[in-house]
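Trainee: sequence and predicted structure below; questions after.
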Amino acid sequence: MKFDLNSVIGLVLAISGIVGGHLLEGGHIDSLLQVTAFVIVAGGTMGAVMLQTPVNVFWEGVKMLKWIFVPPDYVSENLIRQITAWSSAVRKDGLLVLDNRMEEIGDPFVKKGVQLLVDGTPSDKMRDMLEVDINTFEDFGRQSAKVWEAAGGYSPTIGILGAVLGLIHVMENLSNPGKLGAGIAVAFVATIYGVGLANLVFLPISNKLKTLVNQQVVWREMLIDGLVAIAEGENPRIIEEKLLGYVV
């Protein structure tokens, strides 16, 4: 696993720009820290997302959150070297040579593909079976990433709802000037939290997760092309050149 420093820099830069601008205008950090506003926005947003999302999809989206900082380790160049090595071994000793290497394979999708190859599955049948797995993986992954897209859609509206609640609190205490400031602060800060979380956190997270899911789909498609080429007895050098077309 490789730590994604770019995500950290982006998040820090985005927050620093907004908070820094607030400070340059003479504002104070304390004025942006409102627990009540945060509870309204965070609780309301997550509740709305959970209401619209199946349980397994929601929790998968939460688990995928770690990918933002530690993305899955799917390196195309490593896979190409592996497939080329398999191709050379099969060309020399036959398909059964891969049966002895099954224990070295950790990824379930790769293991399934290699097992189909070793079993002598026709190339077109093998492609069809593995593409079903890819379509299922892609659909579930994109649904899970959309958990954060949904949060980005609800968050601003919940922020406005928090603002209205704050103004209601203000109206109820017009006769008590000491409580007006707190109510107005919650009103405006709730809107900031709603819009800020949507555009600085939730929507960027969703888009990045979709990109990572797409990268894994391409990686799996490359594996299929490699295994099919081995099954069809193509030259290892030709297989390598074909798969290098996936590398950007």
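Mentor: Looks like it arrived, so ask away.

Trainee: which of the helices or strands spans residue 40?
Mentor: Element membership of residue 40 [criterion: DSSP states H and E] is helix 35-52.

Trainee: quick one: contacts of the following helix or strand past that helix?
Mentor: Downstream of helix 35-52, the next assigned helix or strand under DSSP H and E is helix 55-63. By C-beta atoms under 8 Å, 6 or more residues apart in numbering, the list of residues contacting helix 55-63 from outside reads 49-50, 53, 140, 143-148, 209. Yep, even glycine has a C-beta here, placed from its N, CA and C like the rest.

Trainee: again, 10 Å this time
Mentor: By C-beta atoms under 10 Å, 6 or more residues apart in numbering, the list of residues contacting helix 55-63 from outside reads 46, 49-54, 140-141, 143-151, 205-206, 209.

Trainee: okay, the angle between the longest helix seen in the chain and helix 35-52?
Mentor: Across the chain, the longest stretch assigned as helix under DSSP state H is helix 123-172. Helix 123-172 and helix 35-52 are oriented at 140 degrees to each other (axes from the mean of the first three to the mean of the last three C-alpha atoms, to 10 degrees).

Trainee: roughly how far out does helix 123-172 sit from the chain middle?
Mentor: Distance of helix 123-172 from the chain centroid (C-alpha atoms, centre = their mean, to the nearest Å) equals 11 Å.

Trainee: which elements pack onto that helix?
Mentor: Packing contacts for helix 123-172, counted by 3 or more C-beta pairs under 10 Å, 6 or more residues apart in numbering; DSSP states H and E, involve helix 35-52, helix 55-63, helix 108-118, helix 180-197, helix 203-231.

Trainee: re the thing from before, for the helix holding residue 40, the distance to its chain's centre please.
Mentor: How far helix 35-52 lies from its chain's middle: 21 Å, per C-alpha atoms, centre = their mean.

Trainee: hang on, the earlier thing: ChimeraX command to pick out the buried ones of the contacts of helix 55-63?
Mentor: To isolate the buried subset of the contacts of helix 55-63 in ChimeraX, counting by 16 or more other C-beta atoms under 10 Å, use the following:
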select :46,49,53,141,143,144,145,146,147,148,149,150,151,205,206,209
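
Trainee: what residue lies at the spatial centre of the chain?
Mentor: Using C-alpha atoms, centre = their mean, the residue of the chain that lies closest to the mean C-alpha position is residue 209, 2.0 Å off.

Trainee: my read: that residue touches residue 69, true?
Mentor: No: counting by C-beta atoms under 10 Å, residue 209 stays clear of residue 69, with 12.0 Å between them.

Trainee: the residue of the chain positioned farthest from its centre: which element?
Mentor: Residue farthest from the centre of the chain, counting by C-alpha atoms, centre = their mean, is residue 175 at 49.7 Å. Using DSSP H and E, residue 175 maps to neither a helix nor a strand.
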